[in-house]
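Peer 1: Kindly return the folded structure for what I paste below:
(chains A, B, C and D)
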There are 4 protein chains.
Amino acid sequence: MLRGLTRAGAGAVESDERLIELAAAEGFQAVDIDAAGLIKRHGADGAAKWLDSHGVVIGSIGLPVEWRGSEEQFIAGLPALTEAAAGAKALGCTSCCTYILPSTDWKPAHFMAVATRRLRICAQILGAYGIRLGLEFVGPHHLRTAWKYPFIWTMDETLDWIEAIGEPNVGLLLDAYHWHTTGLSEIDIERLKAHQIVYVHINDAPDVPVEAVLDNDRLYPGEGVIDLAGFLRGLHNIGYTGVVSQEILTPSMPSDTPENLIRRSRIGFDRVYEAAGLAPAGR
Amino acid sequence: MLRGLTRAGAGAVESDERLIELAAAEGFQAVDIDAAGLIKRHGADGAAKWLDSHGVVIGSIGLPVEWRGSEEQFIAGLPALTEAAAGAKALGCTSCCTYILPSTDWKPAHFMAVATRRLRICAQILGAYGIRLGLEFVGPHHLRTAWKYPFIWTMDETLDWIEAIGEPNVGLLLDAYHWHTTGLSEIDIERLKAHQIVYVHINDAPDVPVEAVLDNDRLYPGEGVIDLAGFLRGLHNIGYTGVVSQEILTPSMPSDTPENLIRRSRIGFDRVYEAAGLAPAGR
Amino acid sequence: MLRGLTRAGAGAVESDERLIELAAAEGFQAVDIDAAGLIKRHGADGAAKWLDSHGVVIGSIGLPVEWRGSEEQFIAGLPALTEAAAGAKALGCTSCCTYILPSTDWKPAHFMAVATRRLRICAQILGAYGIRLGLEFVGPHHLRTAWKYPFIWTMDETLDWIEAIGEPNVGLLLDAYHWHTTGLSEIDIERLKAHQIVYVHINDAPDVPVEAVLDNDRLYPGEGVIDLAGFLRGLHNIGYTGVVSQEILTPSMPSDTPENLIRRSRIGFDRVYEAAGLAPAGR
Amino acid sequence: MLRGLTRAGAGAVESDERLIELAAAEGFQAVDIDAAGLIKRHGADGAAKWLDSHGVVIGSIGLPVEWRGSEEQFIAGLPALTEAAAGAKALGCTSCCTYILPSTDWKPAHFMAVATRRLRICAQILGAYGIRLGLEFVGPHHLRTAWKYPFIWTMDETLDWIEAIGEPNVGLLLDAYHWHTTGLSEIDIERLKAHQIVYVHINDAPDVPVEAVLDNDRLYPGEGVIDLAGFLRGLHNIGYTGVVSQEILTPSMPSDTPENLIRRSRIGFDRVYEAAGLAPAGR
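Peer 2: Predicted coordinates for the structure are as follows:
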């Protein structure tokens, strides 16, 4: 498993280039950045060299398509998707991720039908570039009623949706926070095959009842109550070898320096990997 | 367009064989019966001869799979589906239909995902036999809240679902009652291409506000307030050449003889086809 | 059916804008041009106005993807495909076409597998924009052995391929020349449903044995021996209402003026439509 | 990885029940038998108990559909497929396999299109039962010209075909004999992900030039020249945990007793697992 960083939790990092440097400095092996943007600034060769020289790969790109809005918005995003996918491919990145809000103002069954078609098209385009699409279910209870109707939020519902989409390159983004807030355990991870997981997010939660956990109140790995040792052990046991990327959503950006924040992350990773019995192998 | 009969509205007809005789006697050209059952009783040749000798074809078979229940129920129905499809193919029937309840006790988005996969499998199996799958949206307002959550009930939602299923052999079953209760007009039919319609049901509705129309309170064609002339004109104008089959759901079976009821249907068909300007061409 | 023009047979027309003027002047209703290019030069509104003011629509765009070469070439074309599709959609064009060479230097089964996946991706992208993909089988006998192995060249093989691709928005481009050189008749067209045909090309062939007909030796409609009356009658009888677009491939560009050439085309269309009994309805 | 047996190489075993006993006696963990047949004779519970009591699972069932012949033959097999799949599911078997002949008398591209559709339907039906479809490429050189045209025989061609079929539950059956006769090495296995492999066959080849290896001239594992240590090491290294099942095709059935033949197989397995460094873990 590769240790990765997103910008969420890294503080005021001024550029993707700087994030790569900072990640490398603390032994992180992957970052989630805009691959096409890096190529635009450095050329494909320059971008690849920058990554290589820091020993860092791009873990995942975000899905640059608004699949939750109007049909016009959706198709307006498809050219950007081909560009993003081409950029990711050029830099060896094979994952693209999006998240699923657990409630909606649409009639939910209709939205599910429309979104199934839309995400299938996205998956087909990504598949042409050898990229997989990871769908992140979102667990915090307050979001399940934040909009008019329930949508989906469990892992099993998401697996059913992946089957409905029906493309071989679609799988789960498994986020520790949503795993925690939907009441899952190590055993639930062990029900999966490694290839069903496209990507993994890691973070921690405060010691409050699971129903009260807020989506943007996340802690650094090892600083909260999530059983991250079990989470990582489950992933290891099923043979997951992809990226485990930190994503810390907070009400406001942490004010400490990126250097300090990323060191803190590294210490957190060390702690939870060790607790999982994975310490040396994880790096 | 072929004039067709289902058993709903035909009274106490003792057998599918008798329905074929009665339909033929009043000039109906199609019946909705159990193709595999007819073959079981007469052999494929005998069944085909019985139909031919009466100048009647099988319009559509019902989908013999419980796609709204448990996964066990669903897969338990697949052997019956291959048998039903083989029977339909042997007798030249190319349509299979099912209906969509407009509300559900499932979480609706999850049910949509599961049902999308299930109906896709049904469509694939039917497609192997050259049979199309028609999905009937169900309009009466009281059914939209009969179960806990709204599902889908409009034509446009159903078209979106058909795209989500993604198989070329899936289309609409357009029922005059649901067309009426969802506020559609001739113009809405003219937005369609003929091949998007797999099958058509005809019937009529009492003169009550559209919100108060009950699903099982249907009238014979021409005896109510639905604009069946516009309905048929729309179908004719887009080049629909399939079956228009009567389906009269009522609280209890009509007590008149099948002969009288089917004559009454024939008179109703004559009236509404004439009103649509299709009288002679329709037969 | 709409009468259409491609540039093939129209002579040295200096621009797509001029082709629209010339087409309109002779009563043609559709042209095959680069929609995205027209928008680039005039904006979407300006392009739409130019078309509207001449009473002409865009019949079809070409597929701007090299699906017969390397994987790199294929995916390099996908951004252009999204751009072309967006342009077509903005101008109301709903068809995109490509042709199938009847022999190949690839191992043919392997090429079929690769091309099935590639054209499915193209169809999915086009489908997002409401555009259909038409596949043109190519009949001339000399091309069947022009490369090492036979590929496919009959209508039935192409229909089987369309099923293998499996997307609802893929159909045939039916070209009179290939219909002629594969020995088809009016009856073969009447085996089709209208929606299976995405697009139609019209042209004529010299009076030589069908095995000797050369692909780039085409004549203007009505100037050769193809049974274009039967061709058009078949299309009319199954309810095809799309474009019938002239495509005259010749060894060198005809030297007459575009005005004269397009008038000659118009006279040819008049003649063959009249022979088909479609003269007034066709315009 | 589970050690498995097919009947090919086991001699004159009188029944599937006896094969289970014999396999268990030598420590084999899986057999390839007719699941539906076992259920027919013992009921689902009785069949499951027989397997459990011998510590043996069913590795794979054969695909009971003739997908290489006429369309009538193909669809005639679909009811048997639903029955076979239901039987496999009832006994916990999740693999179904078929093989690909490397040449064909069909026009190969056309056959590829037809077979893509047919195997997709099979995969969909199997998928409904949670079963994967494994496609076995067949390498011996003499079969590449046994019929009129080349079809496909390499692993990469088969992977491309799997993408053309487009169902998530389709993967490779990797047979050591075909791996050997197509010139593959351990490194080629390591290019795969474990989930791309549905099933594995093991056997050995005589010491003749690879071009001269005959398909039905197979040896027991460890008695020939195939690098089975590299084969097994590659599978182990990518995390394959499924069945490795012996399949020894020979001109005539070996005359030794099943007991002796299966003991010989066990000794062969021991030898090649040990050579791969997997000896104790393999059992």
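Peer 1: alpha carbons only for contacts and neighbour counts from here, please
Peer 2: Fine.
Peer 1: which residues touch the one residue sitting closest to the centre of chain A?
Peer 2: Centroid-nearest residue in chain A, with CA atoms, centre = their mean: residue A:201, separated by 4.9 Å. Residue A:201 is in contact with A:173, A:174, A:175, A:176, A:244, A:245, A:246, A:247, counting by CA atoms under 8 Å, 6 or more residues apart in numbering or on different chains.
Peer 1: and the nearest residue to the second one once chain neighbours are set aside, helix, strand or coil?
Peer 2: What that stands for is residue A:174. The spatially closest residue to residue A:174, leaving aside those adjacent along the chain, is residue A:200, at 4.8 Å (CA to CA, 6 or more residues apart in numbering or on different chains). Following DSSP: H, G, I helix; E, B strand; the rest coil, residue A:200 is assigned to strand.
Peer 1: before we move on, back to that, bridging residues for the residue nearest to the centre of chain A?
Peer 2: With DSSP bridges as the criterion, residue A:201 is bridged to residue A:175, residue A:245.
Peer 1: what's the answer for residue A:171, then?
Peer 2: residue A:134.
Peer 1: what's the neighbour count on it?
Peer 2: 24 (other CA atoms under 10 Å in any protein chain shown).
Peer 1: Please give me every residue in contact with it.
Peer 2: Neighbours of residue A:171 in contact, by CA under 8 Å, 6+ apart: A:132, A:133, A:134, A:135, A:159, A:162, A:195, A:196, A:197, A:198.
Peer 1: Would you confirm that the last one contacts residue A:136?
Peer 2: No: counting by CA atoms under 8 Å, residue A:198 stays clear of residue A:136, with 9.7 Å between them.
Peer 1: which neighbours do the two share?
Peer 2: Joint contacts of residue A:198 and residue A:136 (CA under 8 Å, 6+ apart) are A:172, A:173.
Peer 1: farthest pair in the contacts of residue A:171?
Peer 2: A:132 and A:159 (14.9 Å; CA to CA).
Peer 1: In terms of neighbours, single out the busier of these two.
Peer 2: For residue A:132 versus residue A:159, the count of surrounding residues by other CA under 10 Å is larger for residue A:132: 28 against 20.
Peer 1: in the stretch 101-250 of chain A, which spans are helices?
Peer 2: A:108-128, A:141-144, A:155-165, A:176-181, A:186-190, A:228-237 (DSSP state H, counting those that start in this stretch).
Peer 1: hmm, what's the outermost residue in chain A?
Peer 2: Farthest-from-centroid check, chain A (CA atoms, centre = their mean): residue A:107, 26.9 Å.
Peer 1: Surely that residue and residue B:149 touch.
Peer 2: No: taking contacts as CA under 8 Å, residue A:107 lies outside contact range of residue B:149: 9.4 Å.
Peer 1: related to what we said a few turns ago, mind listing what the residue farthest from the centre of chain A touches?
Peer 2: Neighbours of residue A:107 in contact, by CA under 8 Å, 6+ apart: A:149, B:150, B:151, B:152.
Peer 1: Could you tell me the single residue of chain A that sits nearest to chain D?
Peer 2: residue A:168 (4.3 Å; CA to the nearest CA).
Peer 1: residues near the nearest residue to that residue once chain neighbours are set aside, how many?
Peer 2: Closest residue to residue A:168 apart from its sequence neighbours, by CA to CA, 6+ apart: residue D:168 at 4.3 Å. Using other CA under 10 Å, residue D:168 has 20 other residues around it.
Peer 1: wait, doesn't residue D:168 sit right on residue A:166?
Peer 2: Yes: with contacts counted by CA under 8 Å, residue D:168 reaches residue A:166, the gap being 7.0 Å.
Peer 1: count of residues packed around residue A:268?
Peer 2: 18.
Peer 1: quick one: the helix or strand where residue A:99 lies near chain D?
Peer 2: For residue A:99, the host element (DSSP states H and E) is strand A:95-100. No: applying CA under 8 Å from any CA of the partner chain, one finds strand A:95-100 separated from chain D by no less than 15.4 Å.
Peer 1: was I right about residue A:250 contacting residue A:205?
Peer 2: No: using CA under 8 Å, residue A:250 is not in contact with residue A:205, being 11.1 Å away.
Peer 1: ok, back up a step: pLDDT for the contacts of residue A:107 - can I get that in a markdown table?
Peer 2: Compiled in a markdown table, the contacts of residue A:107 are given as follows (pLDDT from 0 to 100):
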| residue | pLDDT |
| --- | --- |
| A:149 | 94 |
| B:150 | 96 |
| B:151 | 97 |
| B:152 | 98 |
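Peer 1: Sort out which of these are in strands and list them.
Peer 2: A:149, B:150 (DSSP state E).
Peer 1: which of the contacts of residue A:107 lies closest to chain C?
Peer 2: The closest of the contacts of residue A:107 to chain C turns out to be residue B:152 (CA to the nearest CA; 22.1 Å).
Peer 1: what's the neighbour count on the nearest residue to that closest one once chain neighbours are set aside?
Peer 2: Of all residues not flanking residue B:152 in the chain, residue B:102 sits nearest, at 5.1 Å (CA to CA, 6+ apart). Neighbour count for residue B:102, taken as other CA under 10 Å: 22.
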